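**Q** Got a predicted model here, sequence first, then my questions.
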Amino acid sequence: MALTSEGIINIPGLMSRWVKLANGANAHYMTAGDTGPAVILLHGGAAGSSGTAGWRFMAPFLGANGFRVYCPDQPGFGLADTRENYWPKDGILSHVEFIHDFADALCLDEFHIAGNSMGCVNAIHYMLANPTRVKSFAVIAGHIGNLVAPENRPKSLIDINIFDGSEATMRKLMEYIILDPSMITQDLMDMRVGAGKRQWESYQAWFWAFRGRTQAGDPPGPKVTQWLTTKGRLDTLLDIPGIYLYGRKDVLLPLEYGFAQEDVLPTVQFFYPENTGHQGQTDQPEMFGQAFLEFFRDGKVSRKTADWAGVSDRRPELPHLVDQG
């Protein structure tokens, strides 16, 4: 399938849009649905990622079922502004500021938010900085700041910064993220390779800042470290309902890390779907779409969908988030 003139996979029900932010950046996003509550979906952080790459199944489904869905290309990714002034040199901080400016530009005063991997990280930090704007959150396979003790964090042997501009390295990267090889299509490869090349310098600025240092090895300052702390904040946030889906076959952030996060998030309902890797919404689009739809629409996941999605049995279910009938 040929890509659009913008280098994007043509997905029925998913439309390409642009908006200028208050800081002057040109922001690109995909959107689905015309009416209903707003949902912002945040993509992951591997090279070539974008709103389309991360949410090409979920967004049209939610849009067709009563939601206005927005999938921005975060700085360093997709069709985001590549001018150096707008590189995400402050990592998570840059992305949280971007989400704030993006929501303002689209006049989204209140919305549901979701994210996968890096998008999980950014959704969590945005929510903590702007709790009055977030109605609920749903996250997939990511990090939650410093709530998990260092000894319980994964020591992954996988380096995601392997893309060198070639299709071969992009395919290897996708095989880390997507469990089902049939989902790694040629049009996806073409789109992601193009985005990876376009964002090369901006992505490297993000990659090192996200890891708390520059390429020269400089650590973040104390103000940044303090701002990004989640301990004593996320674990006590009771007013915003949340669910967390974590694939049982994730090779990038192994399953045990999901368990470690569940142990410190008593008010979040966890699910561990089978046959699902790091980008679960691509491996199991129908399952993830249904769980998100019910949660955003009804405030809880139905019994049937909860069982399908592998609701956690490591602790009692949260009855206000999972139907007990």
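**A** Arrived safely.

**Q** List the contacts of residue 129.
**A** Going by Cβ atoms under 8 Å, 6 or more residues apart in numbering, residue 129 touches 96, 100. Every residue, glycine included, has its C-beta placed from N, CA and C.

**Q** Any figure for the gap between it and residue 192?
**A** Residue 129 sits 30 Å away from residue 192, going by Cβ to Cβ, to the nearest Å.

**Q** go on, residue 94?
**A** Look at residue 94 and residue 192: by Cβ to Cβ, they are 21 Å apart.

**Q** Can you get me a residue count around residue 5?
**A** The number of residues packed near residue 5 is 7, by other Cβ atoms under 10 Å.

**Q** now the one 5 residues further on
**A** By other Cβ under 10 Å, the residues close to residue 10 number 13.

**Q** Count the residues that sit near the closest residue to it other than its chain neighbours.
**A** Leaving aside its chain neighbours, residue 10 sits nearest to residue 4 (5.4 Å; criterion: Cβ to Cβ, 6 or more residues apart in numbering). By the criterion of other Cβ under 10 Å, residue 4 has 12 neighbours.

**Q** again with residue 13
**A** A count of nearby residues for residue 13, using other Cβ under 10 Å, gives 15.

**Q** For the residue nearest to residue 22 when sequence neighbours are not counted, give me its contacts.
**A** With Cβ to Cβ, 6+ apart as the criterion, residue 22 has its nearest non-adjacent residue at 5.5 Å, and that residue is residue 101. Listed by Cβ under 8 Å, 6+ apart, the contact set of residue 101 reads 21, 22, 23, 25, 27.

**Q** helix/strand/coil for the residue nearest to residue 10?
**A** Classification of residue 4 using DSSP: H, G, I helix; E, B strand; the rest coil returns coil.

**Q** any idea of the mean pLDDT for the strand or helix carrying residue 203?
**A** Following DSSP states H and E, one finds residue 203 within helix 200-210. Mean pLDDT, helix 200-210: 91.

**Q** hmm, back to that, so which of the contacts of residue 101 is the most crowded?
**A** The residue in these with the most neighbours, by other Cβ under 10 Å, is residue 27 (23 neighbours).

**Q** Can you tell me the element that residue falls in?
**A** Per DSSP H and E: strand 26-32 holds residue 27.

**Q** go on, residue 120?
**A** helix 118-129.

**Q** could you dump that helix to CSV, C-alpha only?
**A** Coordinates of each C-alpha in helix 118-129 appear next as CSV, following Å, rounded to 0.1, in the frame of the first residue of the first chain:
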residue,chain,number,x,y,z
MET,A,118,7.2,6.3,26.4
GLY,A,119,3.6,7.5,26.0
CYS,A,120,2.9,5.8,29.3
VAL,A,121,5.7,7.8,30.9
ASN,A,122,4.5,11.1,29.4
ALA,A,123,0.8,10.4,30.3
ILE,A,124,1.7,9.8,33.9
HIS,A,125,3.8,12.9,34.3
TYR,A,126,1.3,15.1,32.4
MET,A,127,-1.5,13.9,34.7
LEU,A,128,0.5,14.6,37.8
ALA,A,129,1.3,18.1,36.5
